[in-house]
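1. Dropping the sequence and predicted coords here.
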Amino acid sequence: MVETKKSSPRYDKSTQVYSALGVAFVCIVIGVPLWWKTTETYRVSLPYSHIAELAAKETICSVDVTIVIFDERIDKKDLSLFGENLKEALEGTSGSSGLKIKFRGNLRDAYEDEQMILKRSLNLEDLDREIDREKVLEEHGKYSFYIIPANDKLFPGTSDIYIGRRRNVYLHMKSPALEDLNRLVPILKPIIRDKFVNVAALVKTFESASGAQHLETDKASMRAVHSNPGYDVTFTLLNPQPDILNVQWDIKRGVEKFLQPFIEKLMQFASITVKSQMLYYTRLAFKPKHDKNNGRYFLKQEDLPHLINPIEAKLGSHVSNNPNLNFVVYIPTRDQSPLHIYDEKDFPTATNSFLSPRWGGVLLHNMPSPQENTTLPAQVQVDMKAMMEVFLAQLKMLLGFPQAAFPQADVALPDNSGILLWELDYWLRYRTLENIASSTATLKSLAQLLEQIGNIVINDDIGREVQHAVEEIDKCHTLLKQNKLKEAFLSSKEAIVASEKAFFDPSLLELLYFPEDQKFAIYIPLFLPISIPVFMSVIQAIKYFRGKDKEKKE
Amino acid sequence: MAAPMIMRLFFAGSFLSLISGVHVADVFNEELLIKPLDSGHVYAHFQFTTKWDIDIQTQQNFTHYGLFPKSLGEVLAKYSVHELHLSLTQGLWRHRIWGYPVVSAPPGAELWAWFKRDTTNIDKKWSDLVNALSGLFCASLNFMDKTATVSPKLSFRPLGAADQWIATNSTYLRYAAMPGEMVCTENLTPWKKLLPCDTKAGLSTFFKSGKLYDTSYHSLGVYYKSVCTDAECDTTGVELVQSLAVVYEPPVRQGGKQDWSFKSLFGRFLTNSCPVAEASHILVDITGNKTLAYHFHLSPPPDRVETATRGGDKRKFAIYDAKKRPPSGLNLAAKYNRNVIYKQPQPPQLHAHRFITGFGQENGGIVTMLFNTDPKENLTVIYMEMVPWFIKMYFHTLKVEIDGMQENPLHIHYVQAKDRQQPCLMEVILKLPANTTTKVSIDFDRTFLKWTEYPPDANHGFYVTSAVVSTVLSHAGQYTALPQHSDKLISLLSLNDDISSEFLLRIHTETLLVSLPTPDFSMPYNVICLACTVVAIGFGSVHNLTTRQFIEVDPTKNKGFLSNIKDKLKRKKKETDAKVHKEEKSDSIEEKKS
């Protein structure tokens, strides 16, 4: 039997109320946070605001243009006027919402030794070589324009513009008058804006890489593979009839002789691995048409896309994460030989080859059919020089080198690497902008994803990669502004590698499939029986206090 | 003791690799061996050998590929593989009735690889390698992680050219097997793609999966190793052997005769040979035929018939050169003269049988019977057992009995399993006296796994891979494996001078299926609910005790709506009770008063 304490029921009731409140307090202040803390997912804090800032930030890319005047007779006033004009012409509408190309001009007289060289040189090649030798620093992204006074020796008449091997352009100015000087402006503008820098292409690449708009990108950028720290190049010889032709190729020497200088030149920016293979009994899945006029077989341009898929299955490689560029030499079968590619006007194309955007190139290599009385298979050799010429040009396009043509100018021939330095500069600028745009976009969407889904574990590795990417992007912005192209490219490469690594980290997916509602289904057997009595007694307590208040008032 | 002795025997074989000095960058050969087995089955072994004269140590050599498949070469070069042996098999090779195969393979997938010298971080390389191969051959080799991989010390030696260091250092070796792997066309297709002629020409045109998989045994193999290219072994090259072995059911439908032909086995004729192959041979083992037409005759007649003596065993082969066939196509056929009379086949010198003992879900045992049927010759064998960690072996229960008499093994190498880290490896060197049966037994406990560690079909059981028995035979009865110095089937013919009388033999036993105790998989939720309920009950009573006071209630006082109803109900019940049990009325009243 419970003994009652009738003497002080009020006192008892209050103890009861306070202890109920105490339990509720412990449950709320200790229990709930404890549960929250122990079941929380591990999330490293990421620089969300910094990422958002980066995404909104305008990228400024500087280009240095130096104009060197050899003719001392030109009036200083005219010169400064010319400079103003040129600057105005270049600025124009350069850039877009996120990207701004800033031209920094510099107008100077020729140094004494440059004058000497000019006097000494017999032709433009000499001049170009000597002037470059004088320049101590080889700097990416700095272009020089040499305005050369009337000189029949160097400019024998055909063209007044000569584009050198590196970053120099030589212009012929016949008289020191202002109108002659001003005539240079419309010549310089397209060379700088549309060829050396190619503002339009840069803007488009930048915008499509940052994912702002789905633009109809131009052909050149559709062709090029996305920027990557390395590329795998595979040469494949397809011999569909090894029983008739025993085709051999000296690919090892071919690569060493024709491709190696190119690879070495790009070595510090991208590693290119070259491999080759021979495949037998792989033929075109497409039947070419027969041209009865000359006995040729031909493929129309619209047929070409169908050729690649059946070959593709045999080319595969499993070990590398780099994009693979395939260059295929196809030896037509005897019953379809000679095989040509016809253009729109039904003329055979000069190289008999075609390029597949972001995939590689195919060369149809016709071989003379073996004579009646030769023993089969007949031995034949692939001409490496012809093949490599085609494939090197295609490789340049696939990597995103510019396809600039200068209708009015003479262009120096590249050295054995096949790259002119101003082309390399363009490529660096283009890749840098693409890299930082896409790495910023990757970070932005990663941040968005992580903010939206609170369940995802963010471990330290991801945090570190994101931090690294953000730092590198910042660094790249500064370097681009200073026109330090090489360094900017390298840090943009770091940024894209780090951001991709963070984005594709497999640990992000681990807890994603454990939805919130199921978690509560599991906790309910605990929460419900505990919370109901606590809740009820708290209500009781509140009621009690109210009653007390009323009593007091009465 | 005997352990070093048998190891020495194994090396002797390893360093003999040499091949005649023809110097071409790469050479491809295709061959087929057909052997009618005593049991009436027909054994067909295809072998494609690609030899490439490059030094295996130099990474840059793996750049320009000719006949060697690039997709595989890249994988091998990237992960510094020195030697690789992969087999994908469906079905069990029955040594007792079929004799010995050219290459022994266990059911499922088996992979063992030696890594190059100075390879750092071999475990990482191995895990990358199995993942790459898994993609290349569409097999689930990626499950060969560290919990399924061992480095056996005694059983495996490099089969190709290798320096002394590698042969004595098993840290460069990794061995794993997936006994539950199902092998089918999806593995055959990528395997075919590695052949230079694919299935467009030559013997590989026979690879139509419909016929190949309707057989008792089917085994795909990829074997890669370094080989010597001259007699002194100053220069080495690499060699890739791709093999496909099938055993067809006894062909008895034709009126009780065992006739077979290309058409009946493979579904088509042989119309051409692979043009890039150096040679294309078909060999038929006709040893069972006393004269050319005693039991059966071959049509068309063979190009030549040769006899080879090997370790005292005389074998006769009919040889066809597929390069010289007319374009009409070759339908090689064997026509039997009389109906088949089945008899008990002569078992080979060494065969084995392995099974599980015990009952229930707590413990059990593994027993292996090793049979040495030779009347005179003793055999020294290395018996290797690899058991997953969740089957807990009791090493002290290892017992070797020879015809019922307990014996001690000559040497034991035992690596204890670690939970979720490494499997148990046991290598035992045994001496099998002539004409005896040796029983090797060991007991184990079945573990209860964590509920997430069970596969989706947990009640199916867990596979334990085949035990590997390696030995050196001194005579070659029923032995078909290739000599160590050559990997071409045709070299079986030039063995007349093979008096070495050392034949490395490796056989694989049956795989085992062990069922582990499986939980009720809704258990975790039940446990959570139960635990929460217990906590809630405890909490509830403590809460009540601390926050409530128990006082007497005045029953006459009206307290509320609910208790009024309760009282009414009680009263009614009592009234009815009173009517029924009048004699108890007084008791209930008394109760009320108290």
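-> On my side now, so go ahead.

2. from here on, contacts and neighbour counts on C-alpha atoms
-> Will do.

3. Residue nearest the middle of the chain, spatially speaking?
-> In the absence of a named chain, this looks at chain A. A:S227 (3.3 Å; C-alpha atoms, centre = their mean).

4. right idea, wrong chain: chain B
-> When C-alpha atoms, centre = their mean is applied to chain B, the residue found nearest the centroid is B:P106 (3.5 Å).

5. which strands and helices sit next to the lengthiest helix in chain B?
-> Longest among the helix segments of chain B by residue count, using DSSP state H, is helix B:523-547. Using 3 or more C-alpha pairs under 8 Å, 6 or more residues apart in numbering or on different chains; DSSP states H and E as the contact test, the elements touching helix B:523-547 are helix A:9-26, helix A:516-553.

6. in the stretch 51-200 of chain B, which spans are strands?
-> Along the stretch 51-200 of chain B, counting by DSSP state E, counting those that start in this stretch, strands occupy B:81-90, B:108-115, B:149-150, B:173-178.

7. and A:S144, that's in a strand?
-> Yes. Checked against DSSP: H, G, I helix; E, B strand; the rest coil, A:S144 lies within a strand.

8. okay, now it: neighbour count?
-> For A:S144, the count of nearby residues is 18 (other C-alpha atoms under 10 Å in any protein chain shown).

9. what's stretch B:438-457 in contact with?
-> With contacts defined as C-alpha atoms under 8 Å, 6 or more residues apart in numbering or on different chains, stretch B:438-457 is touched by B:361-371, B:390-395, B:397-403, B:432, B:516-519, B:521.

10. switch the cut-off to 6 Å
-> Residues outside stretch B:438-457 that contact it (C-alpha atoms under 6 Å, 6 or more residues apart in numbering or on different chains): B:362-370, B:390-394, B:397-402, B:516.

11. Equivalent analysis for stretch B:121-140, please.
-> So stretch B:121-140 is contacted by B:79, B:141-142, B:187, B:190 (C-alpha under 6 Å, 6+ apart).

12. Report the two members of those residues separated by the largest distance.
-> B:Y79 and B:N187 (21.8 Å; C-alpha to C-alpha).

13. more crowded one of these two?
-> Higher neighbour count among B:Y79 and B:N187: B:Y79, with 20 against 17, using other C-alpha under 10 Å.

14. re earlier: could the helices and strands packed on helix B:523-547 be laid out in CSV, adding mean pLDDT?
-> Putting the helices and strands packed on helix B:523-547 into CSV (pLDDT from 0 to 100) gives the following:
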stretch, mean pLDDT
helix A:9-26, 78
helix A:516-553, 83
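
15. For those, could you give me JSON lines that also reports mean neighbour count and distance to chain B?
-> Shown next, in JSON lines, are the helices and strands packed on helix B:523-547 (neighbours: other C-alpha atoms under 10 Å in any protein chain shown; distance: least, C-alpha to the nearest C-alpha, whole Å):
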{"stretch": "helix A:9-26", "mean neighbour count": "16", "distance to chain B": "5"}
{"stretch": "helix A:516-553", "mean neighbour count": "14", "distance to chain B": "5"}
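
16. Need these in TSV (columns: distance to A:M278).
-> Output for these, formatted as TSV (distance: least, C-alpha to C-alpha, whole Å):
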stretch	distance to A:M278
helix A:9-26	76
helix A:516-553	55
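
17. Out of these, flag the one nearest B:H508.
-> Closest to B:H508 of the helices and strands packed on helix B:523-547 is helix A:516-553 (C-alpha to C-alpha; 48.2 Å).

18. That closest one packs against which elements?
-> When contacts are defined as 3 or more C-alpha pairs under 6 Å, 6 or more residues apart in numbering or on different chains; DSSP states H and E, helix A:516-553 sits against helix A:9-26, helix B:523-547.

19. Having no further points to raise, I will conclude here.
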